[in-house]
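>>> Predicted model follows, preceded by the sequence.
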Amino acid sequence: MTAVQPLGLHHNTSGRRIRRPQDGRRANLSLVLQSLYDDPQLTRAELARMTGLTKVTISDLIAELIDHGLVAETGMTSAVRPGKPAATLGVREDTRDIVALDLSAPDIARAGTYSLKGVKRDEAILDLSGRTGAAAAAVVLRLVETCLERAQRTILGIGVGSPGAVDAFGTVIAAPNLGWYSLALQDMISEQFGLPTAVQNDASAAVVAEKTFADAGNDLVRVQISRGVGAGVLLGGTLVVGTSAAAGEIGHVVIEHQGALCPCGKRGCLETWISVPALRRRLAADVMAREEILSEAGRRLGMALSPVVATLDVPEIVVGGPEDLMGGAFLQACQDLVIERTHSDFRRDPSVKLSYLGNEAVLLGAVSLVLRTTLGVS
């Protein structure tokens with residue numbers, strides 16, 4: 001399998017972007033690909049008008065993308081349009097696929113092979129229960145190998161959504177449940193398989209998926225609720241990682257002084273109230289108080305999100321998690337409290353909605369990470 005030359009900017013070892021002579025061309029290639037990804041069936045003339053590039057430049061870029069097998073002529077414009085019929089263009093889905101991994105589940109590692117448009121081609125699952133450290137990393141490598149062996153098309157790259165804090169270079173700074181500390185997972189995978197690889201925190205991967213595959217805007221917070229609680233943040237379409245790679249780590253924000261003891265050592269962390277295991281325990285202990293428990297849990301999430309909304313002025317909050325818990329009373333209570341605490345006359349109230357990506361969110365986020373880092377498409 002061969003890899004497509006990444007179209008984005010290169011970085012040196014300090015993480016700073018390096019301007020190279022070819023960067024301008026790569027930026028233009030990414031611009032054209034993004035335009036076709038968002039709006040297929042455009043002509044060369046329409047691309048020139050949309051991008052502001054000359055027709056000669058567009059023709060040259062399209063020729064290169066066709067040569068790479070990333071774009072194809074898909075037909076001709078209809079006769080009802082003014083002027084002579086022109087060839088329409090689209091991103092090809094039959095030449096490249098992406099391998100995506102989701103490591104957020106407590107006892108399994110999930111993977112899928114996807115088209116450039118996020119259509120699942122294949123899936124694989126390996127047992128991860130009881131494995132930590134090098135043993136867990138070996139499972140990840142074996143899962144990638146399985147996907148590559150079964151792939152029917154050239155693989156564009158490998159994307160991974162991992163629990164824990166992950167820095168801009170794809171190093172897992174800390175993922176206690178997997179026993180990973182300062183694990184250079186991105187380099188490990190890339191070096192073993194010779195393919196572009198992008199590793200990011202699972203919640204951060206999921207927020208990127210909302211923009212690429214669920215029509216979310218450029219400014220949003222996506223909360224992922226499972227065995228833990230985390231959030232991904234997009235501002236201006238850019239993923240916010242933070243100086244310590246801990247942006248969005250809201251699960252251990254204290255929302256109840258002298259509350260339940262959290263595994264982190266503090267009391268009253270958000271996670272002790274609204275993680276899936278915590279919620280299910282509360283509901284099992286008092287089945288008659290289901291609506292009250294879910295409403296109170298939603299309010300607790302609203303407490304943690306209100307300062308974020310007020311500080312960042314994000315208009316959109318997306319919640320991912322089991323629909324039987326997150327929908328209904330939980331979501332409504334969260335939205336009500338956020339609006340109550342952040343409403344102002346000069347800012348519209350944020351929307352709070354349930355993600356419809358389900359358990360595919362992290363996998364699709366891993367796909368989107370590869371699209372961003374190799375083709376500049378978001």
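Received the coordinates, thanks.
>>> C-alpha only now, for contacts and for neighbours.
Noted.
>>> ok, and the closest non-adjacent residue to E323?
Leaving aside its sequence neighbours, E323 sits nearest to L354 (CA to CA, 6 or more residues apart in numbering; 7.8 Å).
>>> and that neighbour, how far is that from D39?
Plainly put, L354 is 26 Å away from D39 if you go by CA to CA, to the nearest Å.
>>> between those two, who's got more neighbours?
Taking neighbours as other CA atoms under 10 Å, L354 and D39 compare with L354 leading, 19 against 13.
>>> For the more buried one, name its beta-bridge partners.
Beta-bridge pairing for L354 (DSSP bridges): V319.
>>> That one is in contact with D324, isn't it?
No - between L354 and D324 there is no contact under CA atoms under 8 Å: 11.1 Å.
>>> quick one, helices of the stretch 1-150 of the chain?
Remark: helices assigned in the stretch 1-150 of the chain by DSSP state H, counting those that start in this stretch are 23-38, 44-51, 55-67, 133-150.
>>> Buried deepest among these, which one?
Comparing the helices of the stretch 1-150 of the chain by mean neighbour count (mean count of other CA atoms under 10 Å), helix 23-38 comes out on top with a mean of 19.
>>> for that one, packing partners?
Helix 23-38 sits against helix 44-51, helix 55-67, strand 87-91, with contacts defined as 3 or more CA pairs under 8 Å, 6 or more residues apart in numbering; DSSP states H and E.
>>> mind listing what the shortest one pairs with, with the direction of each?
Partner strands and pairing direction for strand 87-91 (DSSP bridges) are strand 42-43 (antiparallel), strand 71-76 (antiparallel).
>>> In JSON lines: the helices of the stretch 1-150 of the chain, plus mean pLDDT and distance to D102.
Converted to JSON lines, the helices of the stretch 1-150 of the chain look like this (pLDDT from 0 to 100; distance: least, CA to CA, whole Å):
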{"stretch": "helix 23-38", "mean pLDDT": "88", "distance to D102": "24"}
{"stretch": "helix 44-51", "mean pLDDT": "92", "distance to D102": "35"}
{"stretch": "helix 55-67", "mean pLDDT": "93", "distance to D102": "30"}
{"stretch": "helix 133-150", "mean pLDDT": "97", "distance to D102": "10"}
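>>> Put together CSV for the ones you listed, with distance to E292 on each row.
Formatted as CSV, the helices of the stretch 1-150 of the chain follow (distance: least, CA to CA, whole Å):
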stretch, distance to E292
helix 23-38, 42
helix 44-51, 51
helix 55-67, 56
helix 133-150, 39
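>>> Pull the residues that contact stretch 357-367.
Residues from elsewhere that reach stretch 357-367 (CA atoms under 8 Å, 6 or more residues apart in numbering): 98-102, 111-112, 114, 116, 118, 158-161, 198-200, 202-210, 213-214, 320-322.
>>> beta partners of I225?
V229.
>>> For it, which residues are in contact?
The neighbours of I225, taking CA under 8 Å, 6+ apart as the test, are I274, S275, V276, V319, G320, G321.
>>> ok, these vs D349, which is closest?
V319 (16.5 Å; CA to CA).
>>> any chance of the contacts of I225 in JSON lines, plus pLDDT, neighbour count and distance to V308?
Shown next, in JSON lines, are the contacts of I225 (pLDDT from 0 to 100; neighbours: other CA atoms under 10 Å; distance: CA to CA, whole Å):
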{"residue": "I274", "pLDDT": "93", "neighbour count": "29", "distance to V308": "18"}
{"residue": "S275", "pLDDT": "91", "neighbour count": "20", "distance to V308": "19"}
{"residue": "V276", "pLDDT": "91", "neighbour count": "20", "distance to V308": "22"}
{"residue": "V319", "pLDDT": "96", "neighbour count": "21", "distance to V308": "15"}
{"residue": "G320", "pLDDT": "93", "neighbour count": "25", "distance to V308": "17"}
{"residue": "G321", "pLDDT": "90", "neighbour count": "23", "distance to V308": "20"}
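>>> Generate CSV for these, with distance to R267 as supplementary columns.
Formatted as CSV, the contacts of I225 follow (distance: CA to CA, whole Å):
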residue, distance to R267
I274, 14
S275, 15
V276, 18
V319, 24
G320, 24
G321, 23
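>>> Distance from stretch 319-338 to the middle of the chain?
Distance of stretch 319-338 from its chain centroid, counting by CA atoms, centre = their mean, to the nearest Å, is 21 Å.
>>> Run through who's touching that stretch.
Outside stretch 319-338, the residues touching it (CA under 8 Å, 6+ apart) are 222-226, 276, 291, 294-303, 305-306, 309, 350-355, 358-359.
>>> And that stretch, end to end?
13 Å.
>>> list the buried ones in it?
319-322, 325-327, 329-335, 337-338 (16 or more other CA atoms under 10 Å).
>>> Next: stretch 248-260.
Using 16+ other CA under 10 Å as the test for burial, stretch 248-260 gives G248, E249, I250, G251, H252, V254, I255.
>>> same question, stretch 233-251
For stretch 233-251, by 16+ other CA under 10 Å, it's V233, L234, L239, V240, V241, A245, A246, A247, G248, E249, I250, G251.
>>> Out of those residues, which comes closest to L369?
Nearest to L369 out of the buried residues of stretch 233-251 is L239 (CA to CA; 10.2 Å).
>>> State the helix or strand in which the residue nearest to that closest one when sequence neighbours are not counted lies.
With sequence-adjacent residues excluded and distances taken as CA to CA, 6+ apart, L239 is closest to V233, at 6.0 Å. If you go by DSSP states H and E, V233 is part of strand 229-235.
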